[in-house]
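Student: Build me a model from this:
(3 chains)
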Amino acid sequence: MNDSDILRNLNEQQKAACKIIEGPLLILAGAGSGKTRTITYRIAYLIAHDISPENILAVTFTNKAAEEMKERVYKIVGPVANKITMGTFHSICSRILRKHAELIGYTKNFVIYDEKDALNVIKKIIKEMDLPVESFAPKKIRKIISKYKREFVKPNMVAGGYNPNTLKIATVYDKYVKFLLRNNAMDFDDLIGKTVELMSKYPEIKEFYNEKFRFILVDEYQDTNRMQFELIKLLGDKYKNVCVVGDDDQSIYSFRGADIENILSFDKIFANTKVIKLEKNYRSTKNILKAASNVIKNNMGRKGKTLYTDWKEGEKIELIDGYSSMEEANLVMDKIKSLIARGTRAGDIAILYRINALSRVFEVAAQKYRIPYVIVGGTRFFERAEVKDILAYLKTIVNPRDNVSLSRIINTPPRGIGKKSLELLELEAAMKGVSLLEMLENLESIDLPSRTKEAFRKFYKIYSDIKRESEGKGVKEIIEVVLDKTAYIEKMYNTTSPEDMSKIENIDELLNSAEEYDSLTETPTLEEYLNQISLFTDIDAWKEKGDRINMMTVHSAKGLEFDTVFIVGAVDGLFPHINNIDSDSKIEEERRLFYVAMTRAKEKLFVSYSHTRDFRGSFMPSVVSRFIKEIPEELLVEKRKPHVKTINELPAENVSNKLAIHPVFGKIRILKTVGEGEGKRAYIALENGEKKWVLVKYARFKFPEE
DNA sequence: ACTATGGATCTTTTT
DNA sequence: GATCCATAGT
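Tutor: As a prediction, this is how the structure comes out:
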């Protein structure tokens, strides 16, 4: 394979990006500009130029993206592709850390705590310290700690300032860090942060990886945070062959610390950076691209790119105007039904929303219309309670120091070990400075009521039986041992309740995942399996092009494309989200998110909204998203309808005896209204003759033909 | 020790 | 409308 074989598939800018082999390179790649293609061919080009695949590191945003890239490179260069290191920051760091864990006080079997585990630890600490939950909300503290970690602020470096709570938070932080270390556990931030610390502290390790990864590629660079940047800096320190690919317009992870500065100041850290812009879009029609560009141009402080396409004009963008969110969902499904009838494949359609909560109403509608669907994301599979229970058994086998997992399973299924007993055990363990499991091994050394002791003994027997019988077995078999020894399914669930049935199905699904792992891995180990799944996301598992429509958040849809896209729930407060409308920078991120959503569409884009929406059970009035208003009217199928009038916008005398449509009761007649503001009520007559008083605040009436 | 129940509280997005 | 938590009853 020679250069021209590789390069003939690329446009001029893409070619240029391949040819710069050495030195720092920043590729600004617009949406749909063939970014993945460019990276893939660049890797092939490197290999064609005698660069050893072992010396190439490619960092992607998801595991799935890494796999796809590997496959694509494989198609060009063959089996040597398997020698390239590819993965997410988290998976690569986890691999590195397992090799050197002892140097930082861990063992190579450390476990990774997910958000829930981390939150539980913090809750525990807050309770222990007897802090008022009002000013120490665990979730908020968790966020603050995560931020400290990302910025390399250690507990003893937290500045007290004027807020007396800050020091207490620093104490929680300190206890949290120590807890994790004692439990041989890391959270997501640790994976990156500790790798950075490892390399800063041990020059010989850094040197090793500098030599190993002489050529570095980072995809989705706009969504890296400071820690990740530090890591790239360290890894690329010796050879400076660092190629990053990103699009400032698609930066949508600032809540996770992603810092656009990483793009803007890349060339300050890596001197003589070459910059290439990919501005030709191969994905969307002219109309979609034009609409998206008109939205994103309202953001200030962009690097500035002008996307263009040779593609057809295409269809205009269609707005879908529902009254309630239920009606909105039904109208969307109506549309989808007719699209499918006209030959569109269900798998080529996506419904994108701002928040997961919205999936529910669309799921119900899809079922009603008998449209096959798949929901990607939401509650992660591996975070479901029944799955976590089983995994906790596995984690305890691998890492006996993991007290979080042990306290989860010690009485699951119930075996007579209650809160009090567990507390006693924890107290003893803390005093002796040993793990819970070590405590269980030495039960004789402590003074306990004999019944409690017996219960502990029984549990320890189950645990050691599992451990013994797991020796030399595959992961699936080990899970079967756990299920067998604990009688988990029989004791926890009954086969008549539908909820329990779905839990049993989830456990089956877990067995399937283990079986798949066992069969696809050369030397399967429990350790590796646990590591893999703790860094696994739903999007990684998502099978594309199934014959079902796809539903997911806009965040999950990053990097994907679909023929037909529905952006749903496009109302102010949802998209942009209510939490992000109080500052320009937050609104700009919401706008980028909307832009990402729009640019997922290849052929046809729909945007839907409703005039009321469900909020914690009751109704909330809503207003069309400001982003819809930024789409030029000539790109829309129909002109935007004037916003419907609500009862509060009309004088009382205009309302009486008027026909309206109510979100629940349908066609109604308003007879009179009483009161003003919050307490304003309306007396209405339903079609069936029934009469009712309703609160105007919740019942949003729509008046026809206003 | 366990289960059922009601109350409070919350939802942004994710590795 | 879901989930988490404290409490009361078994």
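
Student: what's near enough to touch A:F575?
Tutor: A:F575 makes contacts with A:Y353, A:R354, A:I567, A:G569, A:E590, A:L593, A:F594, A:S625, A:F627, as judged by C-beta atoms under 8 Å, 6 or more residues apart in numbering. All C-beta atoms are positioned from the backbone trio N, CA, C, and that covers glycine.

Student: ok, now how distant is A:E630 from A:V295?
Tutor: Between A:E630 and A:V295 the computed distance is 5 Å (C-beta to C-beta, to the nearest Å).

Student: Settle it for me: which of the two has more neighbours?
Tutor: Just comparing A:E630 and A:V295: by other C-beta atoms under 10 Å the higher neighbour count belongs to A:V295, 23 against 15.

Student: any idea of the mean pLDDT for the helix or strand containing that one?
Tutor: A:V295 belongs to helix A:286-296 when assigned by DSSP states H and E. Regarding helix A:286-296, the rounded mean pLDDT is 96.

Student: List the buried residues in that helix.
Tutor: The neighbour-count check on helix A:286-296 (16 or more other C-beta atoms under 10 Å) flags A:K286, A:N287, A:I288, A:L289, A:K290, A:A291, A:A292, A:S293, A:V295, A:I296 as buried.

Student: do stretch A:328-346 as well
Tutor: A:E328, A:A329, A:N330, A:L331, A:V332, A:M333, A:K335, A:I336, A:L339, A:I340, A:T344, A:A346.

Student: Nearest residue to the second one in space, please, no chain neighbours.
Tutor: Of all residues not flanking A:A329 in the chain, A:A365 sits nearest, at 3.6 Å (C-beta to C-beta, 6 or more residues apart in numbering).

Student: So the one you found sits against A:N330, correct?
Tutor: Yes: using C-beta atoms under 8 Å, A:A365 is in contact with A:N330, at 5.3 Å.

Student: Give the residues shared as contacts by these two.
Tutor: Common neighbours of A:A365 and A:N330 (C-beta under 8 Å, 6+ apart) do not exist.

Student: Could you pick out the longest helix of chain A?
Tutor: Criterion DSSP state H: the longest helix present in chain A is helix A:498-520.

Student: I'd like the next helix or strand past it.
Tutor: Following helix A:498-520 toward the C-terminus (DSSP H and E): helix A:526-534.

Student: ranges for the strands of the stretch 451-600 of chain A?
Tutor: Ranges of strands within the stretch 451-600 of chain A are A:549-553, A:562-567, based on DSSP state E, counting those that start in this stretch.

Student: Out of those, flag the one nearest DNA strand C.
Tutor: Set against DNA strand C and scored by C-beta to the nearest atom of the strand, those come closest in strand A:549-553, at 16.2 Å.

Student: Tabulate the strands of the stretch 451-600 of chain A (JSON lines), appending mean neighbour count.
Tutor: Output for the strands of the stretch 451-600 of chain A, formatted as JSON lines (neighbours: other C-beta atoms under 10 Å):
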{"stretch": "strand A:549-553", "mean neighbour count": "24"}
{"stretch": "strand A:562-567", "mean neighbour count": "24"}
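
Student: can I get those in a markdown table with mean pLDDT?
Tutor: Listed next are the strands of the stretch 451-600 of chain A as a markdown table, based on pLDDT from 0 to 100:
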| stretch | mean pLDDT |
| --- | --- |
| strand A:549-553 | 94 |
| strand A:562-567 | 96 |
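
Student: ok, back up a step: the buried residues of stretch A:328-346 in helices, which ones?
Tutor: Counting by DSSP H, the buried residues of stretch A:328-346 contribute A:E328, A:A329, A:N330, A:L331, A:V332, A:M333, A:K335, A:I336, A:L339, A:I340 to helices.

Student: Can I get the residues you listed in a markdown table including pLDDT and distance to A:I145?
Tutor: Formatted as a markdown table, these follow (pLDDT from 0 to 100; distance: C-beta to C-beta, whole Å):
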| residue | pLDDT | distance to A:I145 |
| --- | --- | --- |
| A:E328 | 91 | 39 |
| A:A329 | 93 | 38 |
| A:N330 | 92 | 43 |
| A:L331 | 93 | 44 |
| A:V332 | 95 | 40 |
| A:M333 | 95 | 43 |
| A:K335 | 95 | 45 |
| A:I336 | 96 | 43 |
| A:L339 | 96 | 47 |
| A:I340 | 95 | 47 |
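
Student: next one: phi and psi at A:V607?
Tutor: phi -130, psi 130 (degrees, to the nearest 10).

Student: wait, it sits on A:K629?
Tutor: No: using C-beta under 8 Å, A:V607 is not in contact with A:K629; the gap is 11.1 Å.

Student: just checking, A:I269 touches A:L234?
Tutor: No: using C-beta under 8 Å, A:I269 is not in contact with A:L234; the gap is 11.1 Å.

Student: Show me the strands in the stretch 151-300 of chain A, by range?
Tutor: A:185-186, A:215-218, A:242-246, A:274-278.

Student: can I get those strands in CSV with mean neighbour count, mean pLDDT and distance to DNA strand C?
Tutor: Putting the strands of the stretch 151-300 of chain A into CSV (neighbours: other C-beta atoms under 10 Å; pLDDT from 0 to 100; distance: least, C-beta to the nearest atom of the strand, whole Å) gives the following:
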stretch, mean neighbour count, mean pLDDT, distance to DNA strand C
strand A:185-186, 24, 94, 19
strand A:215-218, 24, 96, 35
strand A:242-246, 26, 95, 35
strand A:274-278, 18, 94, 42
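
Student: mind putting the ones in helices among the buried residues of stretch A:328-346 in a markdown table, distance to DNA strand B included?
Tutor: As requested, these are arranged in a markdown table below (distance: C-beta to the nearest atom of the strand, whole Å):
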| residue | distance to DNA strand B |
| --- | --- |
| A:E328 | 17 |
| A:A329 | 16 |
| A:N330 | 21 |
| A:L331 | 22 |
| A:V332 | 19 |
| A:M333 | 21 |
| A:K335 | 24 |
| A:I336 | 22 |
| A:L339 | 25 |
| A:I340 | 26 |
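
Student: sorry, back to before: compare the strands of the stretch 151-300 of chain A and give me the one nearest A:I479.
Tutor: strand A:185-186 (21.1 Å; C-beta to C-beta).

Student: So is that closest one next to DNA strand B?
Tutor: No: counting by C-beta under 7 Å from any atom of the strand, DNA strand B has no neighbours in strand A:185-186; the shortest distance is 11.6 Å.

Student: hmm, who's touching that strand?
Tutor: A:L97, A:Y106, A:F110, A:V111, A:I112, A:Y113, A:D117, A:L180, A:K194, A:N399, A:D402, A:V404.

Student: Inside helices: which ones of the residues you listed?
Tutor: Judged by DSSP H, these include A:L97, A:D117, A:L180, A:K194, A:V404 as members of helices.

Student: nearest to DNA strand B, of those residues?
Tutor: Once C-beta to the nearest atom of the strand is applied, the member of the ones in helices among the contacts of strand A:185-186 that ends up nearest DNA strand B is A:D117, at 11.2 Å.

Student: Next up, the contacts around the one residue sitting closest to the centre of chain A.
Tutor: Centroid check for chain A by C-alpha atoms, centre = their mean gives A:S556 as the closest residue, at 6.3 Å. Each residue near A:S556 by C-beta under 8 Å, 6+ apart is listed here: A:V376, A:G377, A:D538, A:I539.

Student: what two of those are the furthest from one another?
Tutor: With C-beta to C-beta as the measure, no two of those lie farther apart than A:G377 and A:I539, at 6.8 Å.

Student: Looking at these two, which is more packed in?
Tutor: Taking other C-beta under 10 Å, A:G377 and A:I539 do not tie; A:I539 has more neighbours (21 against 18).
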